[in-house]
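Colleague: structural data only, the sequence is not supplied:
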């Protein structure tokens, strides 16, 4: 993205009534994020996403001052890149990605791009949050986690979270259940596997407790 200071118009939208132009902050973010993606693909010797095309798309939107679409595109590009990082389980680059997401959130909130009523932009952002909680914040990595995130595309294609639910129940990870519940109603998944009736959005701790109680009384 290459903002032209001599051709910068005031930014106006219903979400930003003061007309504060966000170009500098968007440009600064994108340059850093773009370089982190280039470094990741180079280090892992894998086919890259079309980063140059993404930059060109954002340049066009910037000239049009279509900041709502810039917000959408950047989160889409973050999602596509995150799929590759999650699949590789490259924690060094994942931490950089996580930091970049926080940086973009600050910009989105500052300029009112972000719809704060939506907990997760899409399923990939939920998976990022779960992976961060387990492996980075929780400093835990085992074969099951490696297997779950090695096939991250399957959750996107099928919207089937059974492996994550099973992992959360077996390893007493109520936060994983809570994050899944923020994205999707998983009561039918729980009922199918554990034969436990739940109200929508029941908390993770209560769900695990109910399942353990039912299991103990069954045997």
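Modeller: Good, I have the coordinates. It should be emphasised that the depicted structure is a prediction, and the values quoted were computed from it without experimental measurement.

Colleague: low-confidence stretches in this structure?
Modeller: Applying pLDDT under 70 to the chain flags residues 1-19, 139-140, 216-219.

Colleague: distance-wise, check the residue most central in space within it relative to residue 162.
Modeller: With distances taken as Cα atoms, centre = their mean, the residue of the chain nearest its centroid is residue 125 (1.5 Å). Between residue 125 and residue 162 the distance is 20 Å, computed by Cβ to Cβ, to the nearest Å. Where C-beta positions appear, they are placed from N, C-alpha and C, glycine not excepted.

Colleague: returning to that earlier point: who are the contact partners of the spatially closest residue to the residue nearest to the centre of the chain that is not a sequence neighbour?
Modeller: Once flanking residues are discounted, residue 125 sits nearest to residue 79: 6.9 Å by Cβ to Cβ, 6 or more residues apart in numbering. Residues near residue 79 by Cβ atoms under 8 Å, 6 or more residues apart in numbering: 121, 122, 124, 125.

Colleague: and the furthest pair within the residues you listed?
Modeller: 121 and 124 (7.8 Å; Cβ to Cβ).

Colleague: make sure residue 165 is indeed in a strand.
Modeller: No: assigned with DSSP: H, G, I helix; E, B strand; the rest coil, residue 165 falls outside any strand and is helix.

Colleague: ok, it touching residue 184?
Modeller: No: using Cβ atoms under 8 Å, residue 165 makes no contact with residue 184, being 10.8 Å away.

Colleague: neighbour count for the two, which is higher?
Modeller: Of the pair residue 165 and residue 184, residue 165 is the one with more neighbours under other Cβ atoms under 10 Å, namely 21 against 14.

Colleague: what sits against the closest residue to the more buried one other than its chain neighbours?
Modeller: In this structure, residue 165 finds its nearest non-sequential neighbour in residue 189, 5.4 Å apart by Cβ to Cβ, 6+ apart. With contacts defined as Cβ under 8 Å, 6+ apart, the neighbours of residue 189 are 161, 162, 165.

Colleague: may I see the residues you listed arranged in JSON lines, with distance to residue 36 as well?
Modeller: As requested, the contacts of residue 189 are arranged in JSON lines below (distance: Cβ to Cβ, whole Å):
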{"residue": "161", "distance to residue 36": "28"}
{"residue": "162", "distance to residue 36": "32"}
{"residue": "165", "distance to residue 36": "32"}
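
Colleague: let me know the closest of these to residue 91.
Modeller: Using Cβ to Cβ, these come closest to residue 91 at residue 161, 22.3 Å.
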